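> sequence and predicted model, in that order:
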Amino acid sequence: MEIEITTNEQYEQETSSGKVLVDFYAVWCGPCQMLSPIVKEIAEEHPELKVLKVDVDKVGAPAAKLNVYSIPTLVLYQDGKIINTSTGYRPKESLLAFLGY
């Protein structure tokens, strides 16, 4: 399941526990549009993984805090701590490896 983040407070709450993948994107970003269906498919296949979508044009504070300068950027959290990051498009197999699957 994907969760669209609308506030900085929601972001902090949702990333605090469990395995969480954050997808920083923008609607005008071509590589983001290519990556989005892959992220959605993985979210559906792995219900234990919480997937957050952050539109950097609408909710910029989390991206600014993490120094996200390029999109798409993926950030993987485990129990509130960042364990991996990735920038740019990735095919599904590469994204699964990034996630540890």
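Perfect, thanks for sending it.
> and for Asp23, the neighbour number?
Neighbourhood size, Asp23 [other CB atoms under 10 Å]: 23. For glycine as for every other residue, the C-beta is placed from the backbone atoms N, C-alpha and C.
> that one belongs to a strand?
Yes - under DSSP: H, G, I helix; E, B strand; the rest coil, Asp23 sits within a strand.
> using PDB, list the CA coordinates for the top helix by length along the chain.
Of all segments of type helix in the chain, defined using DSSP state H, the longest is helix 30-45. The C-alpha atoms that make up helix 30-45 are tabulated as PDB, following Å, rounded to 0.1, in the frame of the first residue of the first chain:
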ATOM      1  CA  GLY A  30       9.800  11.900 -16.400                       C
ATOM      2  CA  PRO A  31      12.000   9.300 -14.500                       C
ATOM      3  CA  CYS A  32       9.600   9.600 -11.500                       C
ATOM      4  CA  GLN A  33       6.700   8.700 -13.800                       C
ATOM      5  CA  MET A  34       8.700   5.700 -15.000                       C
ATOM      6  CA  LEU A  35       9.600   4.500 -11.500                       C
ATOM      7  CA  SER A  36       6.200   5.100  -9.900                       C
ATOM      8  CA  PRO A  37       4.400   2.000 -11.300                       C
ATOM      9  CA  ILE A  38       7.400  -0.200 -10.200                       C
ATOM     10  CA  VAL A  39       7.200   1.200  -6.700                       C
ATOM     11  CA  LYS A  40       3.400   0.600  -6.700                       C
ATOM     12  CA  GLU A  41       3.800  -3.000  -7.800                       C
ATOM     13  CA  ILE A  42       6.400  -3.700  -5.200                       C
ATOM     14  CA  ALA A  43       4.100  -2.100  -2.500                       C
ATOM     15  CA  GLU A  44       1.300  -4.500  -3.500                       C
ATOM     16  CA  GLU A  45       3.600  -7.500  -3.600                       C
END
